[in-house]
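**Student:** Okay, sequence plus prediction incoming.
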Amino acid sequence: MYSGWIILPLTCAFIGWFPIWIGIRLLFHPVKAWNLLGIRIQGILPAKQKQFAESLGKLAATELFSFGEIAEKLTDPANFSRILPMVDEHIDHFLRIKLAEQMPMISMFIGDKTIAELKKVFTAELETLFPVIMKNYIGGLEKELNLEKLIREKIEGIPIVNIEKIFNVNLLNKIRNLSYLAACFGFLVGLLLAFFGFLG
């Protein structure tokens with residue numbers, strides 16, 4: 001009779017804990033499908049990895065990543081202004097050093113004033129040309145790069161064991177605490193049932 005005080009609470013604790021534990025296991029295992037009496041058994045993620053990859057590929061390509069936004073940011077005049085000092089330095093180096101090395105005769109007739117004017121002309125032309133070049137480059141990249149396919153293939157290629165490791169690092173403790181809580185709740189329910197059963 002007194003064994004009911006132990007068996008029933010422990011049974012209810014197990015009933016509270018086991019579904020959570022088996023649910024986590026079934027997320028990842030078995031990795032490879034196997035048949036049990038004609039029933040196909042496989043972990044949820046291994047079985048649905050291809051579908052997840054397709055969905056995430058579409059989501060990333062349409063909602064999270066936009067070639068148009070990238071082109072807009074790259075061609076923003078403020079971005080060209082940031083690289084302007086570097087452009088100015090390279091033009092100055094070209095006119096003073098490289099031009100003198102390659103074409104000494106011409107460089108003899110180019111003084112500081114001419115260099116300053118040429119830098120001004122080159123910079124203005126680059127400022128006009130830079131957005132056009134970047135837009136054309138991003139447009140070509142968008143045509144060549146199938147982002148949805150690339151992301152899908154990457155996700156499909158991730159081993160399930162790696163996904164499970166990430167899950168364990170980030171969520172396992174919380175899930176484990178939840179399973180312990182369910183076990184404690186089941187144990188208390190079992191005690192109540194045993195108590196009322198004892199009274200009956």
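**Tutor:** Arrived safely, thanks for sending. All figures in this text were calculated on a predicted structure; none of them were measured in a lab.
**Student:** okay, CA-based contacts and neighbour counts for the rest of this
**Tutor:** Will do.
**Student:** Let me know how buried E101 is, in neighbour terms.
**Tutor:** 12 (other C-alpha atoms under 10 Å).
**Student:** could you point out which element follows the helix or strand hosting it?
**Tutor:** E101 belongs to helix 99-102 when assigned by DSSP states H and E. Next in sequence after helix 99-102, counting helices and strands by DSSP H and E, comes helix 104-107.
**Student:** tell me what that next one is packed against?
**Tutor:** helix 99-102 (3 or more C-alpha pairs under 8 Å, 6 or more residues apart in numbering; DSSP states H and E).
**Student:** Pull the distance from the top helix by length along the chain to the chain's centre.
**Tutor:** Longest helix in the chain by number of residues (criterion: DSSP state H): helix 160-199. Here the centre of helix 160-199 is set off from its chain's centre by 30 Å, with C-alpha atoms, centre = their mean, to the nearest Å.
**Student:** Now do the buried residues in the helix holding E101.
**Tutor:** L99 (16 or more other C-alpha atoms under 10 Å).
**Student:** what does that helix rub up against?
**Tutor:** Residues outside helix 99-102 that contact it (C-alpha atoms under 8 Å, 6 or more residues apart in numbering) are I106, S107, M108.
**Student:** how about 6 Å then?
**Tutor:** By C-alpha atoms under 6 Å, 6 or more residues apart in numbering, the list of residues contacting helix 99-102 from outside reads S107.
**Student:** How about stretch 43-53?
**Tutor:** Under C-alpha under 6 Å, 6+ apart, the answer for stretch 43-53 is L26, L27, F28, H29, P30, V31, R152, I155, E156.
**Student:** Grab the two from those residues that are most spread out in space.
**Tutor:** The most widely separated members of those are L26 and R152, with 23.1 Å between them, by C-alpha to C-alpha.
**Student:** Just the CA atoms from the helix holding E101 would do, formatted as CSV, please.
**Tutor:** This file holds the C-alpha atoms of helix 99-102, laid out as CSV (Å, rounded to 0.1, in the frame of the first residue of the first chain):
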residue,chain,number,x,y,z
LEU,A,99,53.7,59.4,-65.1
ALA,A,100,57.3,60.7,-64.7
GLU,A,101,58.6,57.1,-64.9
GLN,A,102,56.6,56.1,-67.9
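**Student:** chain center to it: distance?
**Tutor:** Worked out by C-alpha atoms, centre = their mean, helix 99-102 lies 49 Å from the chain centre.
**Student:** So, low pLDDT: which residues of this protein?
**Tutor:** 1-5, 197-200 (pLDDT under 70).
**Student:** Now do the strands for it: every range, in order, please.
**Tutor:** Using DSSP state E, the strands found in the chain span residues 34-36, 39-41.
**Student:** Count the residues that sit near the closest residue to V161 other than its chain neighbours.
**Tutor:** Of all residues not flanking V161 in the chain, F28 sits nearest, at 7.9 Å (C-alpha to C-alpha, 6 or more residues apart in numbering). Burial of F28 is recorded as 19 neighbouring residues (other C-alpha under 10 Å).
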